[in-house]
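> Take a look and give me a structure for this.
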Amino acid sequence: MSDLFWLTDEQMERLRPFFPKSHGKPRVDDRRVLSGIIFVNRNGLRWRDAPAPREYGPYKTLYNRWKRWGDMGIFMRMLDGLSVGKAEPQTIMIDATYLKAHRTASSLRPKKGDPGRLIGRTKGGMNTKLHAVTDQNGRPLSFFMTAGQISDYTGAAALLDSLPAAQWMLGDRGYDADWFRDALEEKGIKPCIPGRKSRGKPVKYDKRKYKRRNRIEMMFGSLKDWRRIATRYDRCPTVFFSAICLAATVIFWL
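Numbering: from 1, shown residues only. All right, here's what the predicted structure looks like:
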């Protein structure tokens, strides 16, 4: 067995229920191909630079499986399915981070009818912004992706409906808005969010509990250890989002 294989037999059994059914000709070994997909995304390689075919098979097989399963939403379903039942959502956290867009992702204008690549210009250059909600241990529960210049409020509003039943929500000052606090309280969630300095009346919050918020920042750091996430090379936002979901699944839920 190759040392380059990433997934154990036990991990493959957890993932297998999310695989699409094979019709007609049997698929090439799932473990070998998935390991190759992980290797390419983890190390920031071009698909043609994957190790020799004797390790993972032809690079075209890796890419075709990656693209086809990404379009089907398989990697998103893996993340959603494995996090259900294992999460500890008594306290949840929300935050966002910038992901640098390489020139190969941001070059060329979108085609007519294309909703956009979710890349925008910020002070740090061309970026994509990843919004996330995690459980109390910093394990991701849901993601939302926008262009880099989009406000944190937009991500917060998009993630509201997917929030699990929780007692507390930890967030930084970027989420200090009356509408967001009210929306959380309507769901029975107590906000632990410091007030903006521009507020006339200081906001009380549990400073001891707030210190746990560093776990979501550590989660973003772990995701960025995968080089094709820290730097976005993919023009297609669906392909890039699939890489994020795959990394989150492998790092936190397998």
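> Now stretch 181-188: buried residues?
Buried residues in stretch 181-188, defined by neighbour count with 16 or more other CB atoms under 10 Å: Arg181, Ala183, Leu184. Any C-beta I mention is one placed from the backbone N, CA and C, and that applies to glycine too.
> The closest residue in space to Leu34 that isn't next to it in sequence: what's it in contact with?
The shortest distance from Leu34 to any non-neighbouring residue, by CB to CB, 6 or more residues apart in numbering, is to Leu7 (6.0 Å). Shown in contact with Leu7 (CB atoms under 8 Å, 6 or more residues apart in numbering): Leu15, Arg31, Leu34, Ser35, Ile38, Leu254.
> how near is Lys25 to Ala105?
Distance, Lys25 to Ala105, using CB to CB, to the nearest Å: 34 Å.
> Ile74 now?
Counting by CB to CB, the gap between Ile74 and Ala105 amounts to 22 Å.
> These two: which is more packed in?
For Ile74 versus Ala105, neighbours defined as other CB atoms under 10 Å are more numerous around Ala105 (23 against 19).
> Can you give me the neighbour number for the closest residue to Pro237 other than its chain neighbours?
Spatial nearest neighbour of Pro237, chain neighbours left out: Leu118 (4.5 Å); criterion: CB to CB, 6+ apart. For Leu118, the count of nearby residues is 23 (other CB under 10 Å).
> All the strands of this protein, in order from the start?
91-101, 120-122, 125-134, 140-147, 168-170, 190-192, 231-232 (DSSP state E).
> contacting residues around the closest residue to Tyr233 other than its chain neighbours?
Computed as CB to CB, 6+ apart, the closest residue to Tyr233 that is not its neighbour in sequence is His102, at 4.9 Å. Residues counted as contacts of His102 (CB under 8 Å, 6+ apart) are Thr231, Arg232, Tyr233.
> same thing with Cys245?
Cys245 sits in contact with Phe75, Met76, Met78, Leu79, Phe143, where contact means CB under 8 Å, 6+ apart.
> The fourth one: neighbouring residues, count only.
Neighbour count of Leu79, defined by other CB under 10 Å: 24.
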